[in-house]
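Asks: next come a sequence and a model predicted from it.
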Amino acid sequence: MATPNKEIVLSGIRATGNLHLGNYFGALRKFVAVQDDYDCNFFIADLHALTTNPDPNQLHANVKSILAEYLAAGLDPEKSTIFVQSDVPEISEMYLLLNMHVGIGELMRTASFKDKARKALGIGTPADDSDEAFEKEIIGASTNKRVNAGLLTYPTLMAVDILIQKANKVPVGKDQLQHLELTRRFARRFNSFYGVDLFPEPTDFDFGGAPVKVPGLDGSGKMGKSEGNCIYLIDDPKVLRKKVMRAMTDEGPKEPNSPMTEPIANLFTLLELTSTPEIVTSFREAYADCSIRYGDLKKQLAEDILNITTPIRERVNDILADDAYLSQVVKRGAEKARERASQTLAEMRQIMGIRKF
């Protein structure tokens, strides 16, 4: 049931594997902090995960593990609507209806589709990255490989996730900003075409602070499942320590107050997220006067990360052992999510002329 007089917040995570430290600092921790102030809706995007044709058993296991990690990190089903995307069949029907107002060209021009389509076809990024060149690549690609149509219409499904709940605020990363803008465009187009005011235009939700970029352990970029540079929330101490100790470094500073290379700056970013200011200051001073020992830095970092992840990992294990509780959470979440979704879909069908005699 909608929470009166509260703005609607919605976010989802694809069911493609366990959650990592980047998910925690970039999203989960912030979700927990806003549960009392907003009408919060958090889902597990198993339909989006189908674009990669996952093993069915693994997909179900991923949904279950992410649900447990949501709850272990502090998402409260008494305060937020927590649900599995496929448990709301109205999403799939609205996905079909909204696609009737979406152009193939605007979907093919999205950066994420170009990137994923090229990966699916085994094509590198060419010197000519124009829309016209990309279309020729797709048409001329080997018939032995294919681009999943779900990749093309991914922005439509994401728009439906948002619009069916009439969400006002949607926290997204930089790679999803283009999709959020498409959602706003689709909402405007539908409202204008039918002369209605059905869908609000959602905005990015920054939680009132600077976005958090959690770097990976490979020396560059952000932490991500596909990059293989993650610290997972359920990593046991032995695995976690080994990952941190293997993190990329350099030869160390040769002169006082030397600038940091990217791998070292990344380690300090992780340290700032997980350690006390006093510890961070001591290692910064050691770096500045060239006395730093990266081994000591990594050992400290591993222990500080474990201080955060160990309670979560233990709660995850307890929750995963309670199938009755997990079933209760998703059943209740689906009921709450479907209440608003069914109303939105009924309004949309009526507006489009799909009516019963």
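Replies: Arrived safely, thanks for sending. Numbering: from 1, shown residues only.
Asks: contacts for stretch 345-357, please.
Replies: For stretch 345-357, the surrounding residues in contact (Cβ atoms under 8 Å, 6 or more residues apart in numbering) are 90, 93-94, 97, 164, 194, 196, 198. Bear in mind the C-beta positions are built from the backbone N, C-alpha and C, glycine included.
Asks: next one: stretch 278-287
Replies: Residues contacting stretch 278-287 (Cβ under 8 Å, 6+ apart): 253, 258, 260, 264, 268, 271-272, 292-293, 297, 300, 304.
Asks: one step back: quick one: the contacts of stretch 345-357 as JSON lines, columns for distance to R349 and neighbour count too.
Replies: Output for these, formatted as JSON lines (distance: Cβ to Cβ, whole Å; neighbours: other Cβ atoms under 10 Å):
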{"residue": "E90", "distance to R349": "10", "neighbour count": "19"}
{"residue": "E93", "distance to R349": "8", "neighbour count": "18"}
{"residue": "M94", "distance to R349": "9", "neighbour count": "23"}
{"residue": "L97", "distance to R349": "7", "neighbour count": "17"}
{"residue": "I164", "distance to R349": "12", "neighbour count": "26"}
{"residue": "Y194", "distance to R349": "12", "neighbour count": "14"}
{"residue": "V196", "distance to R349": "13", "neighbour count": "13"}
{"residue": "L198", "distance to R349": "11", "neighbour count": "15"}
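Asks: and the contacts of stretch 278-287, which are buried?
Replies: When the contacts of stretch 278-287 are checked for burial by 16 or more other Cβ atoms under 10 Å, the buried set is 253, 264, 268, 271, 292, 297, 300, 304.
Asks: so which of those comes closest to I234?
Replies: Within the buried ones among the contacts of stretch 278-287, proximity to I234 (Cβ to Cβ) peaks at D304, which comes in at 17.5 Å.
Asks: now do stretch 270-283, average pLDDT.
Replies: The average pLDDT within stretch 270-283 is 97.
Asks: what about the protein, any weak spots by pLDDT?
Replies: 1-4, 125-129, 131, 136-144, 208-211 (pLDDT under 70).
Asks: again, 90 this time
Replies: 1-5, 17, 26-27, 52-54, 108-149, 172-177, 206-213, 219-222, 224-228, 355-357 (pLDDT under 90).
Asks: buried sites along the longest helix anywhere in it?
Replies: As assigned by DSSP state H, the longest helix anywhere in the chain is helix 323-352. Residues of helix 323-352 classed as buried: 326, 329-330, 333-334, 336-338, 340-341, 344-345, 348, 351 (neighbour count, 16+ other Cβ under 10 Å).
Asks: R109: which of those is nearest?
Replies: R109 has its nearest neighbour among these in M348, at 25.6 Å by Cβ to Cβ.
Asks: span of stretch 166-185 from start to end?
Replies: End-to-end distance of stretch 166-185 (Cα to Cα, to the nearest Å): 14 Å.
Asks: and of the contacts of stretch 345-357, the nearest to K242?
Replies: Compare each of these with K242 using Cβ to Cβ and the shortest gap goes to I164, at 43.3 Å.
Asks: distance of the closest residue in space to V170 that isn't next to it in sequence from L177?
Replies: Excluding the flanking residues, the one nearest V170 by Cβ to Cβ, 6 or more residues apart in numbering is P202, at 4.9 Å. Distance, P202 to L177, by Cβ to Cβ, to the nearest Å: 12 Å.
Asks: which of the two has more residues huddled nearby?
Replies: Using other Cβ atoms under 10 Å, the more surrounded residue of P202 and L177 is P202, with 23 against 12.
Asks: hmm, that one is touching L180, no?
Replies: Yes. Between P202 and L180 there is a contact under Cβ atoms under 8 Å: 6.7 Å.
Asks: what is in contact with those two at once?
Replies: Residues touching both P202 and L180 by Cβ under 8 Å, 6+ apart: 162, 170.
Asks: look up phi and psi at L320.
Replies: Main-chain torsions, L320, degrees, to the nearest 10: phi -60, psi -30.
Asks: would you mind measuring from it to L71?
Replies: 10 Å.
Asks: against D236, how distant is the closest residue to P237 other than its chain neighbours?
Replies: Residue nearest to P237 in three dimensions, not counting chain neighbours: L306, with 5.8 Å by Cβ to Cβ, 6+ apart. According to Cβ to Cβ, L306 and D236 sit 10 Å apart.
Asks: more neighbours: which of the two?
Replies: Counted by other Cβ under 10 Å, L306 and D236 do not tie: L306 has more neighbours, with 19 against 12.
Asks: tell me if that one really is in a helix.
Replies: Yes. In this structure, L306 lies within a helix as judged by DSSP: H, G, I helix; E, B strand; the rest coil.
Asks: in contact with it, which residues?
Replies: L306 sits in contact with 237, 240-241, where contact means Cβ under 8 Å, 6+ apart.
Asks: in helices, which of these fall?
Replies: 237, 240-241.
Asks: with respect to V84, which of those is nearest?
Replies: Taking Cβ to Cβ as the measure, V84 lies nearest L240 of those, at 28.3 Å.
Asks: re the thing from before, what sits against the residue nearest to V170?
Replies: P202 makes contacts with 10, 162-163, 167-170, 180, 183-184, 187, as judged by Cβ under 8 Å, 6+ apart.
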